[in-house]
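J.: this is the structure alone, sequence omitted:
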Ligand code: NAI
């Protein structure tokens with residue numbers, strides 16, 4: 001994987017097109033393949049328009065040269081000369097496995113095959129290949145040209161030498177790579193689950209309404225968006241499905257249990273902002289819900305969600321999902337949290353954080369609120385996590 005490597009992108013949707021743009025801007029020749037010719041045409045037109053607009057704004061000087069480096073094909077054979085393939089097709093294991101098995105027959109033996117999957121096992125995708133040692137995860141965030149974070153995920157079969165090479169390449173592309181173990185949700189989609197899940201639980205129990213929870217997390221917590229606004233923004237078809245997949249993949253650990261409130265929205269087709277209605281109603285003239293700005297209640301909500309987020313990050317560290325530095329980078333750069341959760345834990349105090357979790361555990365007697373053994377250990381004498 002060098003600057004001369006021809007990069008192949010499979011799937012020309014939101015992510016595939018974004019990653020193609022990043023690779024082409026970084027100087028690579030890029031071939032975009034999609035089995036849907038209409039999607040391919042749309043991506044080609046959009047990419048050209050985007051690059052020209054960036055040039056008009058002075059953010060690029062060589063849009064035409066970049067466009068010339070990109071080609072689009074509906075024929076898998078078009079990927080034959082690529083040295084790195086990044087797959088960004090529909091999030092279905094059977095389809096991804098079939099595409100990996102096919103593409104492996106087309107490319108050279110030393111071509112690296114990466115998947116942009118958000119929630120599937122990279123190991124099981126790799127298993128579809130004759131040579132699984134060349135398969136890894138490269139998980140970009142949406143929109144790929146703007147979000148710096150990339151999770152680099154070795155499958156258990158991946159040749160270890162490829163990981164530093166992939167990390168270097170991502171840095172050359174102007175990205176911030178972190179390394180994550182091949183476990184459900186990798187870093188961000190695992191550690192962020194309580195931001196949604198605990199907010200939903202607070203709503204379900206009637207402790208506060210969604211506007212109040214959103215207010216607590218933005219005004220008192222410093223998050224850019226409250227959980228309900230964010231879930232509506234991401235879309236319940238994406239956010240709920242990731243939660244459900246993570247829950248199932250963790251063998252139904254109650255920590256990741258989805259909520260009926262969100263499932264019903266999905267069933268109703270109330271997908272969020274994109275469908276005009278989700279938790280909130282985005283129709284013109286619709287009533288805007290006002291939060292109850294009760295500081296005592298707001299602090300309770302914020303501390304409960306924060307304790308759950310911190311516990312998730314600490315447990316990911318405990319289970320060697322990633323290093324402490326990568327865990328904090330992932331949450332600040334992948335989902336724009338105001339602070340890394342491990343840093344937040346140290347500042348709040350491991351003892352305080354444990355006290356909050358134990359309070360919830362004693363109230364509910366649910367495994368969902370169990371503290372990570374690492375948090376419990378460090379809380380003795382209020383030691384820092386790292
Ligand atoms: P999308 O639905 O916008 O695009 C998928 C594209 O793949 C479509 O153009 C479709 O025609 C094409 N495709 C489907 N099956 C194909 C096949 N068998 N062969 C060739 N092309 C095929 O999807 P999106 O949002 O770009 O996501 C793609 C992948 O990236 C998924 O694995 C998703 O989980 C992951 N991802 C998505 C993020 C997001 O926020 N949308 C963020 C990070 C990862």
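T.: Structure's in. What do you need? Given the structure is predicted, the values throughout are model-derived calculations rather than measurements.
J.: looking at the stretch 151-300 of the chain, which residue is nearest the ligand?
T.: residue 238 (6.3 Å; Cβ to the nearest ligand atom). Quick note: C-beta positions are derived from backbone N, CA and C, even for glycine.
J.: measure that residue to residue 272 for me?
T.: Going from residue 238 to residue 272 by Cβ to Cβ, to the nearest Å gives 9 Å.
J.: interface residues of the protein facing the ligand?
T.: Within the chain, the residues that sit near the ligand (Cβ under 6 Å from any ligand atom) are 10-16, 34-36, 39, 88-91, 95, 99, 116-118, 140-142.
J.: just the buried ones from the residues you listed, in ChimeraX syntax?
T.: To isolate the buried ones among the residues of the chain next to the ligand in ChimeraX, judged by 16 or more other Cβ atoms under 10 Å, type:
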select :10,11,12,15,16,34,39,88,89,91,99,116,117,118,140,141
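J.: report pLDDT for the residue of the stretch 151-300 of the chain closest to the ligand.
T.: You'll see residue 238 listed with a pLDDT of 89.
J.: mind telling me what element it is part of?
T.: Assigned by DSSP states H and E, residue 238 belongs to helix 236-249.
J.: domain ranges for this protein?
T.: Domain segmentation of the chain under automatic domain parsing yields 7-179, 190-379.
J.: which residues in the chain form strands?
T.: 7-10, 30-33, 70-73, 84-87, 112-115, 135-140, 149-154, 176-179 (DSSP state E).
J.: what would those strands look like in CSV with mean pLDDT?
T.: Converted to CSV, the strands of the chain look like this (pLDDT from 0 to 100):
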stretch, mean pLDDT
strand 7-10, 98
strand 30-33, 98
strand 70-73, 98
strand 84-87, 98
strand 112-115, 98
strand 135-140, 98
strand 149-154, 98
strand 176-179, 98
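J.: do you know the pLDDT at the closest residue to the ligand within the stretch 251-386 of the chain?
T.: Of all residues in the stretch 251-386 of the chain, residue 334 sits closest to the ligand, at 9.8 Å by Cβ to the nearest ligand atom. Predicted confidence (pLDDT) for residue 334: 92.
J.: so it sits against residue 188, correct?
T.: Yes: between residue 334 and residue 188 there is a contact under Cβ atoms under 8 Å: 4.2 Å.
J.: any residues in contact with both of those two?
T.: Any residue near both residue 334 and residue 188 by Cβ atoms under 8 Å, 6 or more residues apart in numbering counts here, and that gives 141, 149, 151.
J.: nearest to residue 349 among the residues you listed?
T.: Nearest to residue 349, judged by Cβ to Cβ, of the shared contacts of residue 334 and residue 188 is residue 149 at 27.8 Å.
J.: okay, and the helix or strand of this protein with the least pLDDT?
T.: Scoring the helices and strands of the chain by mean pLDDT, DSSP states H and E places helix 236-249 at the bottom, with a mean of 93.
J.: what about the helices in the stretch 251-386 of the chain?
T.: 260-268, 295-318, 324-334, 341-348, 350-364, 373-379 (DSSP state H, counting those that start in this stretch).
J.: how about the last one: buried residues?
T.: Of the residues in helix 373-379, those buried by neighbour count under the rule 16+ other Cβ under 10 Å are 374-376, 378-379.
J.: export those residues to a markdown table and tack on pLDDT?
T.: Output for those, formatted as a markdown table (pLDDT from 0 to 100):
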| residue | pLDDT |
| --- | --- |
| 374 | 98 |
| 375 | 98 |
| 376 | 98 |
| 378 | 98 |
| 379 | 98 |
